[in-house]
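Peer 1: sequence plus the predicted model coming up.
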Amino acid sequence: MRLLILSQYFWPENFRINELAVELERRGHDVCVLTGLPNYPDGKVFAGFRKSPHEWNKLGDVDIVRVPLVPRGRHSISLVANYLSFAMSAAMLGAWKLRGRPFDAVLVYQVSPATIGLPSVILRWLKRAPTVFWVQDLWPDTLAAMGVVRSQKVLRWVDLFLSWVYRHTDHVLGQSQAILPRLRQQVPANVPVSYLPNWAPAADGAVDAGREAGKNVFQVYYLGNIGDAQDFPTVIDAISSLAHRDDLHWNFVGDGRLADWLKQQLEQRHLTHRVSMLGSHPLEAMPRFYRAADALLVSLKAQPLLSLTVPSKVQAYLAAGVPLLGMLDGEGARIIRDAGAGITCPAGNSAKLAEAVSNLMAMPRDRRLQMGAAGRAYSEAEFDFTRIVDRLEQILEEAGRKSVQPVEVS
């Protein structure tokens, strides 16, 4: 198949869609990715890209077509500009750059923002190519839950926009079972809605992570975006309550809009001797951190919407074979419990998080090893990359056999 992947984020940014695009190309599909200039999570266009942009137009055999956008920066205004600029740029300049190139299907990888729906509809119409829309982040629910938008009128407009997008989509996928009922409220009855989870990355030897006997300091690692949804104020409260423990150290690998704030808080609370801020690293470096970890932290705010989603790091942590510390509600917590892969506590509860850390530290090492192994086994059964791509490939091929109807404005 001739496949177009529409994603605001792509290599060299660290997103799962990179691995998927390469795999689809490896399976014999002709894959092209329409994306923006790499600027996540630092908020500014990558220096290596600015120096030699032509060197970033291929990932293996995958073609990459890039359109300009406003970098996301560190402030709300620049973030809104980033979202809107990519949507407009992809819809107009992206369509022009892809002129004369036919496609059998379009896969839309929708993390925030959902404004990617605009170029999705335009490209579907121009290319007469059926579209599969993979929802990773529910809108407008996310905007309301995070307090980004408080106006009910604006939220209603966004909801109407998404309903319009889904009317001009051929198959909608949800990354968790829990978000499917909400999607079915937005998606027209004649458009199928299916569950397709994120996959666990290859372990690359990380299955033996955190197994060194005789270590004197228990190492907790957090790997990923340092943003608002992860509720770092509550995490810091838990760290502060355990600051007296010389046998516990916290490590944060990643970057994001709250990274500078987190560093300031650690200094103000005199916690820098208990916490290491290790910065952002490429995906291929993650196994090194897994091997150093005794536990892997995943956290989310106490928001009904967030309880419906599964942070992609949950799949990655399970595959690593390291016990999980989960301060979250809903689907993510359920998966950790069902897998028997760690300890969970309610979102937004620093006292319970501190208690969970202490309980995990007090466990016999063999019990923690069992948790890690259980997580690895659950990952292989539920989040196998090959099976997930097989299913997606089937959905894309089924969509590719459909005819595309003209766009309705109203």
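Peer 2: Perfect, thanks for sending it. Residues are numbered from 1 along each chain as shown.

Peer 1: please make it C-alpha for all contacts and neighbour counts, starting now.
Peer 2: Will do.

Peer 1: can you report phi and psi for Leu59?
Peer 2: phi -120, psi 100 (degrees, to the nearest 10).

Peer 1: for it, grab the count of nearby residues.
Peer 2: By other CA atoms under 10 Å, 17 other residues sit near Leu59.

Peer 1: cool, Pro181 as well?
Peer 2: Using other CA under 10 Å, Pro181 has 12 neighbouring residues.

Peer 1: measure it to Met371 for me?
Peer 2: Separation of Pro181 from Met371 (CA to CA, to the nearest Å) stands at 31 Å.

Peer 1: what about the helices in the stretch 51-200 of the chain?
Peer 2: 76-89, 95-97, 117-127, 141-145, 152-167, 180-186 (DSSP state H, counting those that start in this stretch).

Peer 1: between those, which gets nearest to Ala319?
Peer 2: With CA to CA as the criterion, Ala319 lies closest to helix 180-186 of the helices of the stretch 51-200 of the chain, at 24.8 Å.

Peer 1: buried set for the closest one?
Peer 2: 180, 183, 186 (16 or more other CA atoms under 10 Å).

Peer 1: with stretch 367-382 instead?
Peer 2: Those would be 368-380, 382, for stretch 367-382 by 16+ other CA under 10 Å.

Peer 1: other residues contacting that stretch?
Peer 2: Residues from elsewhere that reach stretch 367-382, judged by CA atoms under 8 Å, 6 or more residues apart in numbering: 200, 207, 211, 315, 318-323, 336, 339-342, 360.

Peer 1: can you check stretch 86-106 too?
Peer 2: 1-6, 8, 34-36, 65-70, 115-120, 122-124, 126-127, 129-132, 396-397, 399-400.

Peer 1: for it, measure first residue to last.
Peer 2: 17 Å.

Peer 1: likewise for stretch 201-220?
Peer 2: 20 Å.

Peer 1: taking the mean pLDDT, what do you get for that stretch?
Peer 2: Mean per-residue pLDDT for stretch 201-220: 62.

Peer 1: show me the shaky parts of the stretch 201-350 of the chain.
Peer 2: For the stretch 201-350 of the chain, applying pLDDT under 70 flags the ranges 202-215.

Peer 1: try 90
Peer 2: Where the stretch 201-350 of the chain drops to pLDDT under 90, the residues are 201-216, 227-229, 256-257, 280-285, 303-309, 312.

Peer 1: tell me where it has strands.
Peer 2: Secondary structure of the stretch 201-350 of the chain by DSSP state E, counting those that start in this stretch: the strands cover 218-223, 248-253, 275-279, 295-299, 324-327, 342-345.

Peer 1: any chance of JSON lines for those, columns distance to Val404 and mean neighbour count?
Peer 2: Shown next, in JSON lines, are the strands of the stretch 201-350 of the chain (distance: least, CA to CA, whole Å; neighbours: other CA atoms under 10 Å):
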{"stretch": "strand 218-223", "distance to Val404": "41", "mean neighbour count": "22"}
{"stretch": "strand 248-253", "distance to Val404": "44", "mean neighbour count": "20"}
{"stretch": "strand 275-279", "distance to Val404": "45", "mean neighbour count": "16"}
{"stretch": "strand 295-299", "distance to Val404": "41", "mean neighbour count": "26"}
{"stretch": "strand 324-327", "distance to Val404": "43", "mean neighbour count": "27"}
{"stretch": "strand 342-345", "distance to Val404": "46", "mean neighbour count": "23"}
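
Peer 1: before we move on, back to that, looking at the buried residues of stretch 367-382, which are in helices?
Peer 2: 368-380, 382 (DSSP state H).

Peer 1: buried subset of the contacts of stretch 86-106, written for ChimeraX?
Peer 2: A single ChimeraX command selects the buried members of the contacts of stretch 86-106 (16+ other CA under 10 Å):
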select :1,2,3,4,5,6,8,34,35,36,65,66,67,68,69,70,115,116,117,118,119,120,122,123,124,127,129,130,131,132,396,397,399,400
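
Peer 1: mind listing which of the contacts of stretch 86-106 are in strands?
Peer 2: Counting by DSSP state E, the contacts of stretch 86-106 place 2-6, 34-35, 65-66, 131-132 in strands.
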